[in-house]
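Asks: what's the 3D shape of this:
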Amino acid sequence: MVGGGGAKSRQLGLEQRACANFVKYSWYGPPAEDVIRAIIDGGADMGWFKKKPSWEEQLAQNIYDGLVAHNDIGDITALKLRIPTALHHAYQNKIVLQRELISFVALASVANPESGLSPVLLAYGNLLVHKIADRGLQMSRDQLWSAAYDDVQAMIASPLGWAQRWLSEFGDDPKDDSILFARHCLLLFETYKQTIEKTRPR
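Replies: Now for the predicted structure:
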């Protein structure tokens, strides 16, 4: 459950395991200043809210638009992964969901009581539930959190095996492509965390 006592210890364990794994990888570099500024300033279409959004709803939307929707951070395409053209649309749908899951756990991993991000985490979970429902998948915020946490934990624990399973529906899975995809998603998780930390309420 998002925000529960067990979530804090889960986040802690996730952070410890992430640190152990990330020493193997280089990082994309500091979050781009224009991405950080876009998240802070906003300007997103908030039409799906029935009333004027609260500050945490606005920041949740800005995080989504700056990281998930715009996807300027280390993009990886179906062409780079040599996925057949007929499956490009399926890949695009799946990678959007993957960025949503990674961003949810990245936000949770930095949303400690001192960060001021706990209300944003709840609002972000609601936003993701809405986005996913628009694409035909119905689940509660807690169900989404459980799926996101388990998926990211599996990614960190065994990146190559996780990537091979992820790519298996798109045909042949050369090892080089799995390594590329695993590395991309691990780095995406770290970059999301770094960017969100720089945009938290002061």
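Asks: please report phi then psi for Ala111.
Replies: phi -90, psi 60 (degrees, to the nearest 10).
Asks: now do Arg135
Replies: The phi/psi pair for Arg135 (degrees, to the nearest 10) reads phi -100, psi 10.
Asks: tell me, how many residues neighbour it?
Replies: Neighbourhood size, Arg135 [other C-beta atoms under 10 Å]: 9. Every residue, glycine included, has its C-beta placed from N, CA and C.
Asks: before we move on, which element is the spatially closest residue to it that is not a sequence neighbour in?
Replies: Leaving aside its chain neighbours, Arg135 sits nearest to Asn93 (7.3 Å; criterion: C-beta to C-beta, 6 or more residues apart in numbering). Using DSSP states H and E, Asn93 maps to helix 88-110.
Asks: now do the helices in this protein.
Replies: All helices of the chain, identified by DSSP state H, fall at 5-22, 33-41, 55-63, 88-110, 118-134, 141-157, 159-167, 175-198.
Asks: show me what the longest one is packed up against.
Replies: By that I understand helix 175-198. When contacts are defined as 3 or more C-beta pairs under 8 Å, 6 or more residues apart in numbering; DSSP states H and E, helix 175-198 packs onto helix 5-22, helix 33-41, helix 88-110, helix 141-157, helix 159-167.
Asks: below-threshold pLDDT in the protein: ranges please.
Replies: Within the chain, the ranges that satisfy pLDDT under 70 run 1-50, 71-75, 172-174, 202.
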